[in-house]
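Student: only the shape, not the letters, is given here:
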């Protein structure tokens, strides 16, 4: 199983949750699988998916936020683990698809192959830190603490096309949908 | 004469800012305390300025008026996010920077980035103000949010050492 199948599996559990998706192929694959106004696709700024999701979670406490992140992106913004743990937004579910590779740039290895991201999140203090296979995503989304979920997959990209929306269009339709 | 810190605080309040991320500077410490005591403002200290830029983008999506408080060194830590997140999607943001490495600086390590900061902002094609007095800072900050919305880019206010 590669990332695309993991995103499709995640989206089976999504109803009215707001989704923030990592840059590159993850966003392209999500757009191809299930485009919706409540998806925020990142086009630039690798590493910031969890930060965007966290800011959104603070501004919209009545909504549930799901971040679809990647191992390479997490490694670029490890401080986010500490900031999100410390503030514990209970409406935030942070899923890291860990394929051990920088997928969008040609599947170069990441250091995450050498470490267990779930254990790192646990040691930071996340009470809900699990592998995707161990959990019911809906229960985790509805839980009373922020959650950190690792979804282990193989490396590899699908043939999902480039997103044919302007960044401003992505932002404006998202904001309109959640107003 | 307005107090230098209160002028910034009042400018932020009158601009309607209700969401602030920060990385501290000694010159911002009194302001950070005032913001912490304000129940109308969500204040999130962050580990690195770039992270804060992402958080502000998300908070704006959710309807907040956002600002970052930091040293000018934080500009260097967040340039890509300011361009390929904030400018790309036209996110407004008010950036209040303690501009170190300016006249009166005692720490030599602050000087290289301090000297280059205005030219970096110019190269980024971002508007910025360098108020010399608290009254000027109040006006610049109060107007910067609207200016940032119009521009679809972050707007900065640089507060040099002699400002304080």
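Tutor: Cool, the structure landed. All values reported here derive from a predicted model rather than from experimental measurement.
Student: for chain A, what are the nearby residues on chain B?
Tutor: B:19, B:42, B:44-48, B:50-64, B:66, B:80-81, B:83-85, B:88-91 (CB under 8 Å from any CB of the partner chain). Where you see a C-beta, it was placed from the backbone N, CA and C, and this is true even at glycine.
Student: for these, which ChimeraX command selects only the ones that are buried?
Tutor: Command for ChimeraX, covering only those of those found buried under the criterion 16 or more other CB atoms under 10 Å in any protein chain shown:
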select /B:19,42,44,45,46,47,48,50,51,52,53,54,55,56,57,58,59,60,61,62,64,66,81,83,84,85,88,89,91
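Student: same question for stretch A:108-116, mean pLDDT?
Tutor: Across stretch A:108-116, pLDDT averages out at 98.
Student: quick check: end-to-end length of it?
Tutor: From its first residue to its last, stretch A:108-116 covers 18 Å (CA to CA, to the nearest Å).
Student: and if you look at stretch A:138-145?
Tutor: Note: stretch A:138-145 ends 13 Å apart using CA to CA.
Student: just the helices in chain A please.
Tutor: With helices called from DSSP state H, chain A shows them at A:3-11, A:25-34, A:49-59, A:71-76, A:79-87, A:117-124, A:137-141, A:167-178.
Student: can you give me the buried ones in the top helix by length along chain B?
Tutor: The longest helix of chain B (DSSP H) is helix B:134-151. For helix B:134-151, a neighbour-count test (16+ other CB under 10 Å) marks B:134, B:136-142, B:144-145, B:147-148, B:151 as buried.
Student: buried ones in the helix or strand that that helix is followed by?
Tutor: Tracing the chain past helix B:134-151, the next element assigned as helix or strand by DSSP states H and E is strand B:154-160. Of the residues in strand B:154-160, B:154-160 count as buried by neighbour count, 16+ other CB under 10 Å.
Student: not counting strand B:154-160 itself, show me its contacts.
Tutor: B:8, B:27, B:72, B:75, B:82, B:86-87, B:91-99, B:102-103, B:117-118, B:121, B:126-131, B:137, B:140-141, B:144-145, B:147-148 (CB atoms under 8 Å, 6 or more residues apart in numbering or on different chains).
Student: rerun at 7 Å
Tutor: The contact list for strand B:154-160, computed with CB atoms under 7 Å, 6 or more residues apart in numbering or on different chains, reads B:72, B:82, B:86, B:93-99, B:102-103, B:117-118, B:121, B:126-131, B:137, B:140-141, B:144, B:147-148.
Student: isn't residue B:135 up against residue B:4?
Tutor: No - counting by CB atoms under 7 Å, residue B:135 stays clear of residue B:4, with 10.3 Å between them.
Student: so of the residues of chain B next to chain A, which ones are in strands?
Tutor: Within the residues of chain B next to chain A, residues falling in strands by DSSP state E are B:19, B:42, B:44-45, B:66.
Student: on that earlier part again, of the contacts of strand B:154-160, keep whichever come out buried.
Tutor: Buried members of the contacts of strand B:154-160, counted by 16+ other CB under 10 Å: B:72, B:82, B:86, B:93-99, B:102, B:117-118, B:121, B:126-131, B:137, B:140-141, B:144, B:147-148.
Student: from the buried residues of strand B:154-160, which is closest to chain A?
Tutor: residue B:154 (13.3 Å; CB to the nearest CB).
Student: where does the residue lying closest to the closest one once chain neighbours are set aside land on pLDDT?
Tutor: Of all residues not flanking residue B:154 in the chain, residue B:93 sits nearest, at 4.0 Å (CB to CB, 6 or more residues apart in numbering or on different chains). At residue B:93, the pLDDT value in this model is 98.
Student: could you do residue A:161 as well?
Tutor: In this prediction, residue A:161 carries a pLDDT score of 95.
Student: list the contacts of residue 31.
Tutor: All of this refers to chain A. A:41, A:160, A:163.
Student: switch to chain B, please.
Tutor: B:5, B:8-9, B:69.
Student: hang on, the earlier thing: what are the phi and psi angles of the residue nearest to residue B:154?
Tutor: Main-chain dihedrals, residue B:93, degrees, to the nearest 10: phi -160, psi 140.
Student: for it, give its distance to chain A.
Tutor: 11 Å (CB to the nearest CB, to the nearest Å).
Student: can you give me the distance of that residue to residue B:67?
Tutor: Applying CB to CB, to the nearest Å, the value for residue B:93 to residue B:67 is 7 Å.
Student: now swap in residue B:110 and tell me
Tutor: 22 Å.
Student: among these two, which residue is more densely surrounded?
Tutor: Legend: neighbour count by other CB atoms under 10 Å in any protein chain shown for residue B:110 and residue B:67, higher for residue B:67 (30 against 19).
Student: residues touching the more buried one, list them.
Tutor: In this structure, residue B:67 makes contact with B:12, B:17, B:20, B:94, B:96, judged by CB under 7 Å, 6+ apart.
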